[in-house]
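Asker: no sequence on this one, just coordinates:
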């Protein structure tokens, strides 16, 4: 039970800083799960993030659910997920009230303007962290390159791009 409570509070701490969406939060999740608590290896974390990406729903909540399940089963999935969304519930209520009240103030506009670079930095950090452990040979570089070209040069749906990348990976690694 103590481990479940620790998982809940760890994800609550992460959820309190969930600005910018799921990708921006991945470095925080990785730091807590891999470095600070040693609950999983970097390789396991990357696998769970990949699984979280290809399943429906927000990647941050999927990650909390899958990590909690991996660590402590169904109870861990529930505690991890609830821990992540618990602070957001109160932050959204407070933020909605404050934004409604101060939406035309210069300091509110300045705050949002200054949050943008921080969110970009967090997303870049997540990208570099995932890339460092996922791009390990020439084949993975080619798959990453193909995926980038498809994302930036076509109007294909992300699910189609994921399926194409998975098929290419299957041919490269198992063909």
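Answerer: On my side now, so go ahead. These numbers come from a predicted model, not from an experiment.
Asker: average pLDDT across the lengthiest helix in the chain?
Answerer: Ranked by number of residues, the top helix in the chain under DSSP state H is helix 59-102. In this model, helix 59-102 carries a mean pLDDT of 90.
Asker: so this structure: which segments form each domain?
Answerer: As given by automatic domain parsing, the domain ranges for the chain are 2-134, 136-175.
Asker: show me what counts as buried in the last one.
Answerer: Within domain 136-175, the residues scored as buried using 16 or more other C-beta atoms under 10 Å are 143, 147, 150, 161-162, 164, 168-169. All C-beta atoms are positioned from the backbone trio N, CA, C, and that covers glycine.
Asker: format those residues as a markdown table; extra columns: distance to residue 129, secondary structure and pLDDT.
Answerer: Shown next, in a markdown table, are the buried residues of domain 136-175 (distance: C-beta to C-beta, whole Å; DSSP: H, G, I helix; E, B strand; the rest coil; pLDDT from 0 to 100):
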| residue | distance to residue 129 | secondary structure | pLDDT |
| --- | --- | --- | --- |
| 143 | 18 | helix | 92 |
| 147 | 17 | helix | 92 |
| 150 | 22 | helix | 93 |
| 161 | 21 | helix | 91 |
| 162 | 20 | helix | 88 |
| 164 | 24 | helix | 92 |
| 168 | 23 | helix | 91 |
| 169 | 20 | helix | 89 |
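Asker: and the two most separated of these?
Answerer: Across the buried residues of domain 136-175, no pair lies farther apart than 150 and 169, at 13.5 Å, counting by C-beta to C-beta.
Asker: and which of the buried residues of domain 136-175 is nearest to residue 44?
Answerer: Distances from residue 44 to the buried residues of domain 136-175, taken by C-beta to C-beta, are shortest for residue 169, at 18.8 Å.
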